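Undergrad: fold the stuff below for me.
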Amino acid sequence: MQDISYTTEEVAKLLRVSKLTVYDLIKKGALPSYRVGKQMRIDAVDLEAYKRKAKGENSATSTIRSAEPSVQPHVSAAPGNSIVITGQDVSLDILAKAIEKKTKAVRPLRSYVGSLDSLISMYQGNSDVVSTHLLDGDTGEYNIPYIRKLLTGFSYIVIHLAGRTAGFYVQSGNPKQIATWEDLKQPGLTIVNREKGSGARVLLDEQLRLHGISPSQITGYDHEESNHLGVAGKVAEGHADAGVGIEKAAYLVGVDFVPMIQEQYDLVMIKTPQNMEWIRLIQEILLSESFQEELKSIRGYDLSRTGEVLFET
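TA: Numbers count the residues shown, from 1 in each chain. Modelled structure (predicted):
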């Protein structure tokens, strides 16, 4: 057992809790961990020690339940602890690496979930830095309407990370001639969708609502993939005629792309006295030439407003 170690996903399965709960245990110091490359690892002996301690304090079930997300206001990582950065874009991986280079006071952990689930995890106290790209169809505004509703009672800051073009992945030459949202209704057309809570899914659902299109009219609406590359890949393989996602994945996979909207990809951070030092550090990184140069090397980002404070309570 001494040489056995587990990933955070494996520990979550063994304890029958969410991955975010495992991160919460790591943040609290209840579960020792270390990094191997991009991956967090937990030694089997440390996992067993945690389980023995949990059973000794009460019962394993009650301890795990107590580690599950709480709906109390979030008290984030103090210096020397971990911060959880939640979202799926590669820019967040680059941000995490930049934080590691700049300071040893906090250790960035990555969680890969969609925009809405990211905000919910922040409300529940399981995420420290959240990325989001959620369109409010009624106002045409990105993110702020959702953040204000979900983070009621919190003090927070919203900072722009990047602009990204979203639209349709289509097969080479766009044989179905997809150019508008209404074109998704055409007979014989099949789409592949994103999972509920993702920014791309919200974008599609809002556009269908605004254009009076029922999801039941769209063949493939219930076929879900968990990321942009998965959606683009299904189109490239011929399993679907179209899918909604960001431009970057189209180039990576090799499908055609029909641009529809310029979306805002923003960061949200809860403001507490303990958090302000690393919030200022993240602002500094976003504005730095080195961070922006690394993002410029990856096609598909608009960095003209990167680092701009969009909203603050």
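Undergrad: got the buried residues for the one helix or strand Glu293 maps to?
TA: Per DSSP states H and E: Glu293 is located in helix 289-296. Judged by neighbour count using 16 or more other C-beta atoms under 10 Å, the buried positions of helix 289-296 are Phe291, Gln292, Glu294, Leu295. The C-beta positions use only the backbone N, C-alpha and C, and glycine is treated the same way.
Undergrad: report the contact partners of the last one.
TA: Residues in contact with Leu295, defined by C-beta atoms under 8 Å, 6 or more residues apart in numbering, are Ser91, Ile94, Ala162, Tyr301, Leu303, Thr306.
Undergrad: so the second one sits in a helix?
TA: Yes - the secondary structure assignment for Ile94 places it in a helix, going by DSSP: H, G, I helix; E, B strand; the rest coil.
Undergrad: do you know the pLDDT at the nearest residue to it once chain neighbours are set aside?
TA: Closest residue in space to Ile94, ignoring its immediate chain neighbours: Glu294 at 5.5 Å, by C-beta to C-beta, 6 or more residues apart in numbering. Per-residue pLDDT puts Glu294 at 96.
Undergrad: and if you look at the one 5 residues further on?
TA: Reading off the per-residue confidence, Arg299 sits at a pLDDT of 86.
Undergrad: burial of it, as a residue count?
TA: 10 (other C-beta atoms under 10 Å).
Undergrad: a strand runs through it, doesn't it?
TA: No - Arg299: not assigned to a strand; according to three-state DSSP it is coil.
Undergrad: surely it and Ala250 touch.
TA: No - using C-beta atoms under 8 Å as the test, Arg299 is too far from Ala250 to be in contact (9.7 Å).
Undergrad: only alpha carbons, please: show the helix holding Glu293 as CSV.
TA: Taking Å, rounded to 0.1, in the frame of the first residue of the first chain, the C-alpha atoms of helix 289-296 are listed here in CSV:
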residue,chain,number,x,y,z
GLU,A,289,2.9,40.5,-21.1
SER,A,290,4.1,37.0,-20.5
PHE,A,291,0.6,35.6,-19.8
GLN,A,292,-1.0,37.4,-22.7
GLU,A,293,1.8,36.3,-25.1
GLU,A,294,1.3,32.7,-24.2
LEU,A,295,-2.5,33.1,-24.9
LYS,A,296,-1.7,34.8,-28.2
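Undergrad: name the next helix or strand downstream of it, please.
TA: strand 301-302.
Undergrad: adjacent strands (with direction) for that next one?
TA: strand 156-170 (antiparallel) (DSSP bridges).
Undergrad: now the angle from the partner strand to helix 289-296?
TA: 20 degrees (axes from the mean of the first three to the mean of the last three C-alpha atoms, to 10 degrees).
Undergrad: so what's the gap between strand 156-170 and the chain middle?
TA: 12 Å (C-alpha atoms, centre = their mean, to the nearest Å).
Undergrad: pLDDT on the helix or strand following that strand, on average?
TA: Counting by DSSP H and E, the element after strand 156-170 in chain order, helix or strand, is strand 191-194. Mean pLDDT, computed over strand 191-194, is 98.
Undergrad: now swap in stretch 89-98 and tell me
TA: Rounded mean pLDDT across stretch 89-98 is 96.
Undergrad: what does it contact?
TA: With C-beta under 8 Å, 6+ apart, stretch 89-98 has contacts from 38, 85, 108-110, 129, 131, 161-162, 265, 282, 285-286, 288, 290-291, 294-295, 298, 301.
Undergrad: so who does the residue found closest to Leu25 once you drop the neighbours it is linked to in the chain touch?
TA: If the residues on either side of it in the chain are set aside, Leu25 comes closest to Leu31, at 4.1 Å by C-beta to C-beta, 6+ apart. Shown in contact with Leu31 (C-beta under 8 Å, 6+ apart): Val11, Val22, Leu25, Ile42, Asp46, Leu47, Tyr50.
Undergrad: rerun that using 10 Å as the cut-off
TA: Leu31 makes contacts with 8, 11, 15, 22-25, 42-43, 46-47, 49-51, 67, as judged by C-beta atoms under 10 Å, 6 or more residues apart in numbering.
Undergrad: repeat for Gln292
TA: So Gln292 contacts Ala162, Ile285, Leu286, Tyr301, Leu303, Thr306, Gly307 (C-beta under 10 Å, 6+ apart).
Undergrad: quick check: the two most widely separated of the residues you listed?
TA: Farthest pair in the contacts of Gln292 (C-beta to C-beta) is Ile285 and Tyr301. Separation: 15.1 Å.
Undergrad: so for those two, which residue has more residues nearby?
TA: Legend: neighbour count by other C-beta under 10 Å for Ile285 and Tyr301, higher for Tyr301 (23 against 19).
Undergrad: on that earlier part again, which ones are touching the residue nearest to Ile94?
TA: Glu294 neighbours (C-beta under 10 Å, 6+ apart): Val90, Ser91, Ile94, Leu95, Lys97, Ala98, Ser288.
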